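Asker: Here is a sequence with its predicted model. Questions after.
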Amino acid sequence: GFNTTVDVKLQQWAEKELPRQCVHIGHLVLLDEFQGLIEREQKKSSYDSITNDLKMHVVQACRSRHQWDSKALDSLRVIQSQALQDRNVPDKQQWESATKFMENVLRKELEHEESELLSNINQSSWKKLIGLQRSTIEEKYRQQCVKELDKVLMSRQQLDQTTKANQVV
């Protein structure tokens, strides 16, 4: 069922994409911190500007040449996979904290997607109103998707209300 599908997708993501994203983000943060260190050094009164060009070239060389050891991906993959397979939650507070975190992440992503969708719909609607554009097939598909998603959301809300009413009884 649903749990199995979610578990499979999560496992696939954890094995392939998650370690790669973590290494990439770690790489960016490391280089940003390195550049920040150089920039903070430049602001000090005792800074000698003679080596400024050399330092900037070193920063650029680090940005273009730095690579993580290939073992980093494998190590992260093992650690993250084991953490995801560990289904024990020490206490209720940690469980609630984790669910709150996921809820916030999903809410932000939903808001972003909704605003992007609304922007796409509004831009094309305005152009159509003043006669500059006709609906593209992609826009028609988007509009159909919005209608179908609205139906699903409405039925989901009705199901939630029915479930809550049944739980009270």
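Answerer: Happy to help now that I have it.
Asker: For this structure, which segments are assigned as strands?
Answerer: In chain order, the chain shows no strands, with DSSP state E as the criterion.
Asker: how about low-confidence regions in it?
Answerer: Across the chain, the ranges flagged by pLDDT under 70 are 1-3, 121-135, 166-169.
Asker: quick one, helices of the chain?
Answerer: Per DSSP state H, the chain carries helices over the ranges 2-43, 52-65, 70-85, 92-129, 137-168.
Asker: is it possible to export those helices to a markdown table including mean neighbour count?
Answerer: Quick note: C-beta positions are derived from backbone N, CA and C, even for glycine. Supplementary listing: these in a markdown table, determined by neighbours: other C-beta atoms under 10 Å:
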| stretch | mean neighbour count |
| --- | --- |
| helix 2-43 | 12 |
| helix 52-65 | 12 |
| helix 70-85 | 13 |
| helix 92-129 | 11 |
| helix 137-168 | 10 |
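Asker: what about Lys92, distance to Ala83?
Answerer: 19 Å (C-beta to C-beta, to the nearest Å).
Asker: repeat for Glu39
Answerer: In this structure, Glu39 lies at 35 Å from Ala83, with C-beta to C-beta as the measure.
Asker: what do you get for Met102?
Answerer: Counting by C-beta to C-beta, the separation of Met102 from Ala83 is 15 Å.
Asker: again, but for Trp95
Answerer: Going from Trp95 to Ala83 by C-beta to C-beta gives 15 Å.
Asker: What of Lys108?
Answerer: Taking C-beta to C-beta as the measure, Lys108 falls 23 Å from Ala83.
Asker: again, but for Trp13
Answerer: Distance from Trp13 to Ala83, counting by C-beta to C-beta: 13 Å.
Asker: again, but for Lys147
Answerer: When C-beta to C-beta is applied, the distance between Lys147 and Ala83 equals 40 Å.
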